[in-house]
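K.L.:
mind looking at a prediction? Sequence and model below.
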Amino acid sequence: MNLEQHLKTETVNEAHPVEFVGVAPSDSIRSVLQRMRDEKTGSVLVCSDGQLKGIFTERDVLKLLAGEPELDAAIETVMSQEPVAVLSSDTVGKAISKMSLGGYRRLPVVDETGCAVSVLKVSGILRYLVEHFPDLVYTLPPEPHHRMKEREGA
């Protein structure tokens, strides 16, 4: 099977999604930041009764800290609401397309009812590509269009 066929048939579950860290919409920004630090994660999914309501990422942290944040406010006041997500049954190709078009490094993975299941990260996509297509990845030079000015060797 070639690259295009894999991307059109294999689901996001093949691309190494990771367990998500979930928080409630009413949790304070301070507690969420502490949780992100403790869990060593770059994002949390904000869920209510299992349903995905928002996402809060390290990019959001940077925007937040650029102002004068009220750290005791609820996370729902600063989260990204209704985040772009993929279904666990969606293809890897669809996930890559959503990530590329939106400039996302992480996508929540949800089931058919909208409940959060996991998070798909760029690193998982990269690992998937390396595992499935090592010849394509490992044979690329570090700089594909680089040409030596002088011959190497003696």
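P.N.:
Looks like it arrived, so ask away. Numbering: from 1, shown residues only.
K.L.:
and the residue positioned nearest the centre of the chain, what's its pLDDT?
P.N.:
Taking C-alpha atoms, centre = their mean, the centroid of the chain lies closest to residue 106, which sits 1.4 Å from it. pLDDT, residue 106: 95.
K.L.:
which secondary element of the protein has the worst mean pLDDT?
P.N.:
helix 134-138 (a mean of 66; mean pLDDT, DSSP states H and E).
K.L.:
tell me who's in contact with the residue lying closest to residue 8 once chain neighbours are set aside.
P.N.:
Counting by C-beta to C-beta, 6 or more residues apart in numbering, residue 8 lies nearest to residue 93, which is 5.3 Å off, once chain neighbours are set aside. C-betas here are computed from N, CA, C, even on glycine. Remark: with contacts taken as C-beta atoms under 8 Å, 6 or more residues apart in numbering, residue 93 is in contact with 4, 7-8.
K.L.:
just the buried ones from those?
P.N.:
residue 7 (16 or more other C-beta atoms under 10 Å).
K.L.:
quick one: which of the contacts of residue 93 is nearest residue 64?
P.N.:
residue 7 (35.2 Å; C-beta to C-beta).
K.L.:
the host helix or strand of that closest one packs against which elements?
P.N.:
Element membership of residue 7, judged by DSSP states H and E, is helix 3-9. If contacts are counted by 3 or more C-beta pairs under 8 Å, 6 or more residues apart in numbering; DSSP states H and E, helix 3-9 sits against helix 92-102.
K.L.:
next, the buried residues of the helix it packs on.
P.N.:
92-96, 98-99.
K.L.:
ok, of those, which one's closest to residue 115?
P.N.:
Out of the buried residues of helix 92-102, the member with the shortest distance to residue 115 (by C-beta to C-beta) is residue 95, at 17.8 Å.
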